[in-house]
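S.K.: Any chance you can model this:
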Amino acid sequence: MEASQVKPDLLIVDDDPLITDTLNFVLSRDFNVYVAESRAQVKSLLRQLDNPPQLALIDLGLPPTPHRPDEGFKLINELIAYSASIKIMVLSGQDEETNARHARTLGAIEFIAKPCEPEKIKALLQKALQIRDAEITAQAGGGAGMIGKSLPIDKLRQQISQYANAPFPVLIEGESGSGKELIAAALHSQSTRAAKPMLALNCAAISPNLVEPTLFGYSKGAFTGATHSRSGYFEDAKESTLFLDEIGELPLELQAKLLRVLENGEYQRVGETQSRVSNARVIAATNRDMRQEIRNGRFRADLYHRLSVFTIDVPPLRELGEDKRMLLDHFREFYSRQAAVKMFDLDARALTLWLDYSFPGNVRELRNIVIRLTTKHAGQAVNAEQLQVELDMESMQLDLPGLPLGQDFKSILDAAKKHLQMQKNFNLDLTVQQWEKGYVEAALLITQGNLSQAAKLLGIHRTTLYSRMQNYGSPDGQRAAAQE
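M.R.: Okay, the predicted model is just below:
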């Protein structure tokens, strides 16, 4: 790599020093490598970096549960919340196909089973970086806009058109991966503020003690390290738009200050008493249930009502029907052109499977599936079996409607029929057990581990609940029983 080129940042997360030392040695010539061995270390490390890393290579089995994939799954979610553009590759010995599929559903671009030659890993990372650069270039050029002809997408377009020029805040709510950033960009680009760049701050991607100086600026000497005065986002976004992503992560103590800016435009730099005024238009986004956050005391009700003067609910991909086909066509054309290969196609059965799949990871998951199919099957017709390898069919079990029998049996029947047609090696006992375990664990969470209250919520006797928990070894249930 030429000295004049800036090396991309790569985050490696693994608790095996032999692996991290080897990869650091091999990859450090082409990447600025940062190493962590746990989610906690990742959080600490990211707060020290000026910008999010472009790439991440992570293990699933991390402390404190190195023999289970849970920590790795959580880390994928956290990294994507921290930076939507980061490309995550999983390098793991926990290479069961279900783990691989679920990691990709959450947002990992690829799953690499250990052991793997470092040179192959380097090639895959460089390819991921090329994909990321192509996506960013396309977004900077305006991209393809909002894709789809379904009624929910038409409603989104109408709302964007209605709200774009209003000076009031907009709250965008929707699941992870559903495209909330795209909605914010569309609101800005269709407004009279479009001549100036939209500024964006991810509230989940910044240390809590840095949120206030980042938003409002600070004066020289306001805190250790403040060697000069600096403006904040509200000042820099004058006459423009300020996008606050993951607004549910905003520390409670700062919410009152944000409310004040939204009400009268006034704020103060950290270390100053002089009031300043901003006319930045605020757009916020969240994937949390904000009403539940308010009930739990984690978010101010008055701030929520001020932010949600206009509210846009971004529909999940599973509700967009034939738009899944349009997104397929858009992304396969884009990524085949980027890779300079012929487009793959889906045969009739594969296309039916595609349209029936719920895409629990939303558009992000769909895009990553297209990237992998473009790599593996360029210029070929992909059949249903080849496509099914890329889909997280296990997650679809959680998408079956939880409706009481007799209330909407047809919906249950239709969902079960679809599930049986798409799920290979279906096991009724296992499916029933998973549903039962899910409801039991949910009841324990709601009742904070109180077995008696959980049993009442589930409509069964306490001893019956305890017996069922014993059958599948519920850790929450064991702790709850020990406490009672």
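S.K.: Look up how far residue 283 lies from the most centrally placed residue in the chain.
M.R.: The residue lying closest to the centre of the chain (C-alpha atoms, centre = their mean) is residue 176, at 4.2 Å. Per C-beta to C-beta, to the nearest Å, residue 176 is found 18 Å from residue 283. All C-beta spots, glycine's among them, are computed from the backbone N, C-alpha and C.
S.K.: which residues does residue 304 contact?
M.R.: Residue 304 makes contact with 171, 290-291, 294, according to C-beta atoms under 8 Å, 6 or more residues apart in numbering.
S.K.: could you flag which of these are buried?
M.R.: Taking 16 or more other C-beta atoms under 10 Å as the criterion, what is buried in the contacts of residue 304 is 171, 290, 294.
S.K.: Let's see which of the residues you listed end up in strands.
M.R.: Those of those mapping onto strands are residue 171, per DSSP state E.
S.K.: what would the buried ones among the contacts of residue 304 look like in TSV with pLDDT and distance to residue 468?
M.R.: Output for the buried ones among the contacts of residue 304, formatted as TSV (pLDDT from 0 to 100; distance: C-beta to C-beta, whole Å):
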residue	pLDDT	distance to residue 468
171	98	40
290	93	34
294	95	33
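S.K.: Which of the buried ones among the contacts of residue 304 sits closest to residue 183?
M.R.: When the buried ones among the contacts of residue 304 are ranked by distance to residue 183 (C-beta to C-beta), residue 171 comes first, at 10.8 Å.
S.K.: Could you list which residues are in contact with the closest residue to the closest one other than its chain neighbours?
M.R.: Spatially, and ignoring its direct neighbours in sequence, residue 171 is nearest to residue 308 (4.2 Å; C-beta to C-beta, 6 or more residues apart in numbering). Residue 308 sits next to 169, 171, 290 when contact means C-beta under 8 Å, 6+ apart.
S.K.: tell me what the longest helix belonging to the chain is packed against?
M.R.: When the chain is parsed with DSSP state H, its longest helix is helix 118-140. Based on contacts counted as 3 or more C-beta pairs under 8 Å, 6 or more residues apart in numbering; DSSP states H and E, the elements that helix 118-140 packs against are helix 17-27, strand 55-58, strand 87-92, strand 110-113, helix 323-339.
S.K.: what does the first one contact?
M.R.: Among residues not part of helix 17-27, those counted as contacts by C-beta under 8 Å, 6+ apart are 10, 12, 14, 33, 35, 37, 57, 59, 91, 114, 118-119, 121-122, 125.
S.K.: Try it again at 7 Å.
M.R.: 10, 12, 14, 33, 35, 118, 121-122 (C-beta atoms under 7 Å, 6 or more residues apart in numbering).
S.K.: Pull out the buried members of those.
M.R.: Buried members of these, counted by 16+ other C-beta under 10 Å: 10, 12, 14, 33, 35, 121-122.
S.K.: Going by distance to residue 382, which of those residues wins?
M.R.: Residue 382 lies nearest to residue 121 out of these, by C-beta to C-beta, at 25.7 Å.
S.K.: Could you check the angle the helix or strand encompassing residue 188 makes with helix 118-140?
M.R.: Assigned by DSSP states H and E, residue 188 belongs to helix 180-189. Here helix 180-189 runs at an angle of 30 degrees relative to helix 118-140 (axes from the mean of the first three to the mean of the last three C-alpha atoms, to 10 degrees).
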